[in-house]
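Colleague: my questions concern the predicted model and sequence given below.
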Amino acid sequence: MVNTQEINQLLDYLDVPMALPYDSEEASSTAPEADAQSESIISSLDTSMHSLAREMVASAAQEGIQLRITSGYRSPSSQDKIYQQGRTVEGPVVTNARPGYSKHNFGVAFDVAPIKDGKVYYPNDTALWKRIGQIGKSLGLKWGGDWSKPDLLHFEHPIFEMKDLLMGKAQTMYSRENLDFIAKNKYARMEILGLMKHF
Ligand SMILES: [Zn+2]
């Protein structure tokens with residue numbers, strides 16, 4: 001059970017003005033643009049991720065692996081939709097992150113897949129995924145393949161920590177929207193309180 005005092009404390013956290021000024025300048029990148037579908041997803045990411053995502057595609061291409069960025073920013077409501085899949089809605093479980101708790105919701109995570117003949121495919125090829133993971137890690141990205149529940153497709157920004165994002169100590173261009181969503185959603189608030197006990 002969560003008491004009212006805890007909820008008020010949390011709301012105070014969420015009401016605190018963002019501590020850091022957000023720098024919307026995009027780091028300059030020498031990486032060439034990715035294919036059009038990847039580019040449209042990259043443009044939805046927080047600007048801190050644009051160069052990293054393009055470098056990921058370019059570095060893989062240098063190793064002969066054609067990659068597409070298949071998922072980037074997700075609104076909290078679209079995250080809710082995919083979270084329900086395999087839980088309250090039929091289908092396989094595709095995410096363990098509740099709405100508001102995915103770095104996709106903050107625009108600092110993307111998923112990739114190799115392409116063949118212009119089409120995305122998901123090869124059952126551990127060595128290939130490891131190579132893809134290594135490429136991302138060599139650029140400084142965190143790779144979901146290293147998690148205890150591996151998510152081979154997933155890469156995220158090296159710096160942003162979830163607890164800092166949730167408390168507004170670190171922010172992206174989607175922080176306000178996402179924190180507002182969490183603040184209005186009782187279930188999400190209770191989740192945060194649970195998480196905060198471990199911070
Ligand atoms: Zn992902």
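Modeller: Alright, I've got the coordinates.

Colleague: alpha carbons only for contacts and neighbour counts from here, please
Modeller: Fine.

Colleague: which parts of this structure sit against the ion?
Modeller: Taking Cα under 5 Å from the ion, the part of the chain that reaches the ion is made up of Asp111, His154.

Colleague: in a strand, Ile115, correct?
Modeller: Yes. Assessed by DSSP: H, G, I helix; E, B strand; the rest coil, Ile115 belongs to a strand.

Colleague: next one: it from Tyr83, what distance?
Modeller: 26 Å (Cα to Cα, to the nearest Å).

Colleague: and the two? which has more neighbours close in?
Modeller: Tyr83 (19 against 16; other Cα atoms under 10 Å).

Colleague: figure out the helix or strand that the more buried one lives in.
Modeller: Using DSSP states H and E, Tyr83 sits in helix 76-84.

Colleague: for the ion, what is the nearest residue in this structure?
Modeller: His154 (4.1 Å; Cα to the ion).

Colleague: Ala34 in helix, strand or coil?
Modeller: coil.

Colleague: that one: what's it in contact with?
Modeller: Arg54, Val57, Ala58, Arg68 (Cα atoms under 8 Å, 6 or more residues apart in numbering).

Colleague: picking up where we left off before, pretty sure the residue of the chain closest to the ion sits against Val112.
Modeller: Yes. With contact defined as Cα atoms under 8 Å, His154 and Val112 form a contacting pair (6.7 Å).

Colleague: hey, what's the residue nearest to the residue of the chain closest to the ion when sequence neighbours are not counted bridged with?
Modeller: Setting aside the residues directly before and after it, His154 is nearest to Asp111 in space (Cα to Cα, 6 or more residues apart in numbering), at 4.4 Å. Per DSSP bridges, the residues bridged to Asp111 are Ser71, His154.

Colleague: residue contacts, Asp111?
Modeller: Ile69, Thr70, Ser71, Gly72, Leu153, His154, Phe155.

Colleague: if I've got this straight, the first one is in a strand?
Modeller: The one in question is Ile69. Yes. Assessed by three-state DSSP, Ile69 belongs to a strand.

Colleague: just the buried residues of the helix holding Tyr83, please?
Modeller: Within helix 76-84, the residues that count as buried by 16 or more other Cα atoms under 10 Å are Pro76, Gln79, Asp80, Ile82, Tyr83, Gln84.
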